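> coords please:
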Amino acid sequence: MTSRSPTNPSSQRCRYYSAGNCNRGSGCNFSHGNEGSVASLYQSASTSAVGAVGSRATNSRDGRPKPCHYWKAGHCKSGSDCKFSHGSEDSLASNHWGTSTSATEVVSLSGIHSQGERRTLCRYWKGGHCTRGDACWFRHADDAINSTMAPKEAAETMGRVIQGAIVTYGAGLNIIGITTGFESCTVHVKNISADTKEDDLCALISQQGVDPVRFHLVGMRRAGGEKVEAEIMTDEQLGWDLLAVLKDNGLEVEIRSHNTLEGMAASLVQDATVLTLSWPSPAARYAVTYIDVAAARAKVRQLNGCTYNHRRVKAQMNNETSSRTRIPLGPDTIIISNLSPEIDDAEMVIFSGSSSVKRLESTLPLSAPEVEGHLRDVISCIAPGCVQSLGSSSIPDPNGFVSTRARFRSRDDALTVQQFLKASEYGKDVGMWFRVPHPMDFTLSLDIEQYAAQKNQWDALMGSLKDPEACMLNIHEKGHTVRVRLSGSQKDALGALKVQVEDLARGETVQGWHRALEHPKNEFSKQVLCETGAYMRVDRKTRAITVFGSAASTSRAREMISEELDRLSSADFSAIVPKPAVRSLINHGLAQLKETFGEDTIKFDMASRKITISGGEEARHALDSIIRSAMRNSGKPLAASQSETACPICGGDISIPFHLGCGHAYCVACLRYFLLSALDAPDFPLRCLGNDGHCGVPIPIPTIHRFLPPASFNRLLEAAFTTYLIKHANEFKYCKTPDCTQIYRSTSSEAPVSLRCPSCFLDFCSSCGKSHE
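Okay, here's the model as predicted:
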């Protein structure tokens with residue numbers, strides 16, 4: 001790079017020049033880049049190209065033409081008559097388009113390159129509204145690239161994690177492999193060099209002869225220093241094989257059992273022979289005073305339950321007497337507890353937002369060695385030789401508790417020691433509690449609306465329990481979720497209660513379905529709740545309607561839902577759109593219908609050309625009018641000789657073409673709408689409609705991804721997965737817990753497998769779907 005003139009020693013690059021709008025020229029005090037190298041690039045260009053550039057305005061410091069920012073944005077209308085540069089700064093082109101070209105290549109974009117030679121995809125063509133046609137400087141349908149890339153794109157696969165399963169997609173979003181969450185594991189890889197790319201790690205695994213369908217790289221993230229970490233999901237057998245392979249390459253590897261959803265880890269089976277003693281760890285307490293009671297209450301709502309220094313803080317309005325705190329406290333004071341003992345007044349002022357803070361005395365805590373020693377003494381007296389292990393955790397959990405655990409030879413020995421400690425009131429002054437878990441423990445979650453509709457039934461079920469040791473049912477409301485926990489020691493009693501709980505949580509299924517019910521703004525569910533007292537759940541995933549409540553309320557709800565389904569069905573109108581009218585319908589008619597009657601009232605299946613609209617006679621009349629108008633705009637039908645060059649969707653001349661690998665060309669707008677409409681009429685794999693629908697070649701994944709925004713593409717992946725599960729309902733089934741999205745692979749009665757759901761921890765049989773415990 002040449003240096004700046006001694007008269008202007010500044011070497012900082014001019015940001016206005018880089019953006020293409022510095023008007024100071026040689027008078028600018030900042031660097032305008034590498035003049036010498038750019039000049040040499042111009043000399044290497046063709047004579048005609050240099051001449052074209054030379055005729056443009058030279059308002060930069062060295063006579064070089066100022067770059068045209070309209071050309072850089074892709075919509076300069078002056079073409080070769082423009083007085084500004086259309087590509088002389090290869091660095092600018094590289095920065096804007098993400099490609100690096102020589103000066104000769106960039107200058108040639110103004111008109112020398114053919115469509116087959118252009119590298120950058122025209123974003124206006126991609127959006128379906130480029131008006132320059134063959135005169136456009138950027139690539140539209142690049143047949144040369146398609147012919148060489150088509151086989152590679154057609155063979156391309158991709159993996160995604162959907163509903164806890166590793167799903168592998170092929171062309172047309174055809175599902176070619178599923179590893180359920182029950183069958184998978186997560187491989188956590190550490191000590192990876194920072195310059196390692198995702199493709200490098202995948203290549204390392206593939207080089208071991210591993211089919212890419214069997215694993216999915218979730219992602220890589222920095223782990224500090226010059227290292228990164230990676231998460232790989234695969235089946236359990238391959239996970240252990242990868243453990244050895246990756247360790248041989250100097251990497252640290254950890255196998256985590258089942259795949260999890262949203263960070264939820266599968267818990268271990270609780271050991272009913274373990275006695276746990278838990279008590280509060282050393283913690284600080286503060287009295288904090290605010291300007292008034294309203295401000296104090298607002299702070300309680302803000303601080304209570306928040307995490308500070310790895311501890312879950314407890315905040316409450318002051319209800320302590322002055323004799324206990326030894327300082328006078330008013331109603332505008334709150335007590336904040338479970339703080340780290342190391343916190344000081346200055347830090348507390350910042351955390352609480354008040355300058356009036358007082359540290360309170362705390363109960364003298366017990367140490368873990370002290371509790372462990374006392375427990376050993378008790379065991380030696382009343383259950384000698386019955387303990388297998390004993391240990392403590394001195395690190396407090398987020399709630400500020402530390403624990404000591406003792407594993408006994410039998411549950412009876414653990415219960416004997418527990419009863420002795422309770423009778424002696426050991427640790428009562430510090431809030432110690434003791435627990436021996438039940439041998440069987442099950443949980444499930446309910447919507448707060450479902451629980452409210454069934455509250456009388458849940459209360460009656462809890463009231464029917466006589467022996468809490470045999471089986472116990474706990475219901476805990478937290479926010480918008482209700483947690484139901486079932487535990488006990490008597491298998492028969494617990495099993496009978498478990499069946500009742502699951503039946504109550506499952507609700508009653510109503511036959512029938514209509515897509516209008518799944519719309520987020522549909523108020524029918526609220527209407528059912530208000531008029532009948534029953535809660536109605538609409539499951540878009542399985543297209544099922546379920547009601548919850550008493551027998552009387554669900555009966556009335558069923559009648560309302562049946563009437564609504566009949567009304568919605570009678571308001572639907574379907575018609576087959578004539579092929580010549582498809583293009584006009586896509587470009588104009590559908591937008592008019594959706595604007596008038598709503599986005600979700602129109603369903604258009606591109607493959608069959610069947611359109612369905614909801615809205616009664618008015619919608620039917622509007623659709624007829626739109627189709628007649630589209631037919632008038634379509635002109636004469638295509639002759640047989642023209643069909644080979646016609647768009648397979650609209651049947652008209654191809655306006656802006658896009659060629660698939662099979663050789664059939666489509667209008668860009670038609671192909672885009674065809675892919676988007678697959679969400680409404682899921683029929684996978686997505687195939688080419690050429691040869692009057694007989695081509696049937698699956699559309700490559702890169703093509704689908706190229707036409708759809710990320711959100712629509714992800715929804716299409718989920719739709720393909722849901723459709724696959726519906727078609728293979730005997731092979732894959734959903735977990736039995738309501739709202740659990742995990743799927744499992746069903747087996748025959750001759751080869752049953754005991755499964756535990758990695759999300760809700762439900763244990764059941766892979767053959768019958770029931771628990772045999």
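> hey, where'd the helices end up in the stretch 351-500 of the chain?
368-382, 411-423, 448-453, 455-463, 491-506 (DSSP state H, counting those that start in this stretch).
> Could you identify which of those is most buried?
Counting by mean count of other Cβ atoms under 10 Å, helix 448-453 has the highest mean neighbour count of the helices of the stretch 351-500 of the chain, with a mean of 20. Yep, even glycine has a C-beta here, placed from its N, CA and C like the rest.
> Which among the helices of the stretch 351-500 of the chain is found nearest to residue 438?
Proximity to residue 438 (Cβ to Cβ) singles out helix 491-506 among the helices of the stretch 351-500 of the chain, at 8.3 Å.
> helices or strands next to that closest one in the packing?
Here helix 491-506 touches strand 440-447, helix 455-463, strand 471-478, strand 481-488, going by 3 or more Cβ pairs under 8 Å, 6 or more residues apart in numbering; DSSP states H and E.
> TSV please, covering these and showing mean pLDDT.
Below are the helices and strands packed on helix 491-506 laid out as TSV (pLDDT from 0 to 100):
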stretch	mean pLDDT
strand 440-447	76
helix 455-463	91
strand 471-478	83
strand 481-488	82
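> Including distance to residue 496, could these go into a markdown table?
A markdown table is the format used below for the helices and strands packed on helix 491-506 (distance: least, Cβ to Cβ, whole Å):
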| stretch | distance to residue 496 |
| --- | --- |
| strand 440-447 | 12 |
| helix 455-463 | 11 |
| strand 471-478 | 8 |
| strand 481-488 | 10 |
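> Ok, which of the ones you listed comes nearest residue 396?
Per Cβ to Cβ, nearest to residue 396 of the helices and strands packed on helix 491-506: strand 471-478, 21.9 Å.
> Could you give me the buried positions within that closest one?
Using 16 or more other Cβ atoms under 10 Å as the test for burial, strand 471-478 gives 471-473, 475.
> so residue 331 makes contact with residue 293?
Yes. With contact defined as Cβ atoms under 8 Å, residue 331 reaches residue 293; the gap is 5.4 Å.
> Could you report the neighbour count for residue 432?
Neighbour count for residue 432, taken as other Cβ atoms under 10 Å: 19.
> that older thread, hey, least reliable of the helices of the stretch 351-500 of the chain by pLDDT?
Mean pLDDT across the helices of the stretch 351-500 of the chain is lowest at helix 491-506; the value there is a mean of 78.
> which residues are in contact with it?
440, 442, 444, 446, 450, 454, 457-458, 461, 465, 467, 470-471, 473, 484, 486-488, 546, 736-738, 771, 773 (Cβ atoms under 8 Å, 6 or more residues apart in numbering).
> Please write out the alpha-carbon positions of it in CSV.
C-alpha atoms of helix 491-506 as CSV (Å, rounded to 0.1, in the frame of the first residue of the first chain):
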residue,chain,number,x,y,z
LYS,A,491,-47.7,-50.1,44.3
ASP,A,492,-51.3,-51.2,44.0
ALA,A,493,-52.8,-48.1,45.6
LEU,A,494,-50.5,-45.8,43.8
GLY,A,495,-51.2,-47.5,40.4
ALA,A,496,-54.9,-47.1,40.8
LEU,A,497,-54.6,-43.4,41.8
LYS,A,498,-52.2,-42.8,38.9
VAL,A,499,-54.8,-44.1,36.4
GLN,A,500,-57.4,-41.7,37.9
VAL,A,501,-55.0,-38.7,37.7
GLU,A,502,-54.0,-39.4,34.1
ASP,A,503,-57.7,-39.9,33.0
LEU,A,504,-58.6,-36.6,34.7
ALA,A,505,-55.7,-34.8,33.1
ARG,A,506,-56.4,-36.2,29.7
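> now that helix against strand 471-478, angle please.
Angle of helix 491-506 versus strand 471-478, following axes from the mean of the first three to the mean of the last three Cα atoms, to 10 degrees, is 30 degrees.
> Specify the angle between helix 491-506 and helix 455-463 in degrees.
Inter-element angle recorded for helix 491-506 and helix 455-463: 180 degrees (by the same axes, to 10 degrees).
> next helix or strand past helix 491-506?
Sequence-wise, the next helix or strand downstream of helix 491-506 (DSSP states H and E) is strand 508-510.
> Identify whichever of the helices and strands packed on helix 491-506 lies nearest to residue 350.
Among the helices and strands packed on helix 491-506, strand 471-478 comes nearest to residue 350, with 29.5 Å by Cβ to Cβ.
> Centre of the chain to the closest one, how far?
Taking Cα atoms, centre = their mean, to the nearest Å, the mean C-alpha location of strand 471-478 is offset from the chain mean by 30 Å.
> Same question for stretch 396-408.
The answer for stretch 396-408 is 34 Å, by Cα atoms, centre = their mean.
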